[in-house]
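No letters, just coordinates:
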């Protein structure tokens with residue numbers, strides 16, 4: 001299994017970016033695809049996730065209305081809008097077969113099975 005992120009970079013506050021995650025070695029439709037981020041000195045935290053077999057999506061409160069997760073075929077995307085300095089982090093994509101935890105989409109970092117290497121997003125004026 002391989003997940004490869006791309007699309008990060010250095011941007012100014014208010015700018016947009018689109019991150020991509022190309023997946024191979026998994027049956028894409030059997031998984032949920034998630035995005036997480038890790039700022040310097042902090043733990044990795046959930047950002048967004050989507051079921052690959054339905055339109056269900058979930059977002060962290062800090063990114064609702066600014067970030068959008070989507071996917072097609074074997075690539076997951078994260079559209080980032082109105083970026084702010086606090087969004088600066090390494091962004092990771094991940095895949096899990098445990099799409100649901102109870103009645104909610106899986107947002108638990110520890111329950112994702114496969115991870116990419118990450119892509120750096122830096123927001124600075």
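Yep, that arrived. These figures come from a predicted structure and were not determined experimentally.

Tally up the residues packed near residue 98, please.
Neighbour count of residue 98, defined by other Cβ atoms under 10 Å: 13. All C-beta spots, glycine's among them, are computed from the backbone N, C-alpha and C.

How about residue 92?
23.

Does it touch residue 116 like I think?
Yes. With contact defined as Cβ atoms under 8 Å, residue 92 and residue 116 form a contacting pair (5.6 Å).

what's the overlap in contacts for those two?
residue 5 (Cβ atoms under 8 Å, 6 or more residues apart in numbering).

Read off the pLDDT value for the most centrally placed residue in the chain.
Nearest to the mean C-alpha position of the chain, counting by Cα atoms, centre = their mean, stands residue 35 at 1.6 Å. The model reports residue 35 with a pLDDT of 98.

what does the one 4 residues further on give?
Looking at residue 39, its pLDDT reads 97.

The one 5 residues further on now?
The score at residue 44 is 97. That number is its pLDDT.

Next: residue 73.
84.

In contact with it, which residues?
Shown in contact with residue 73 (Cβ under 8 Å, 6+ apart): residue 28.

Enumerate every residue touching residue 92.
Neighbouring residues of residue 92 by Cβ under 8 Å, 6+ apart: 5, 35-38, 44, 115-118.

please redo it, this time with the cut-off set to 10 Å
Residue 92 sits next to 3, 5, 19, 21, 34-38, 44, 47, 109, 112, 115-119 when contact means Cβ atoms under 10 Å, 6 or more residues apart in numbering.

which non-adjacent residue is nearest residue 23?
Leaving aside its chain neighbours, residue 23 sits nearest to residue 74 (4.9 Å; criterion: Cβ to Cβ, 6 or more residues apart in numbering).
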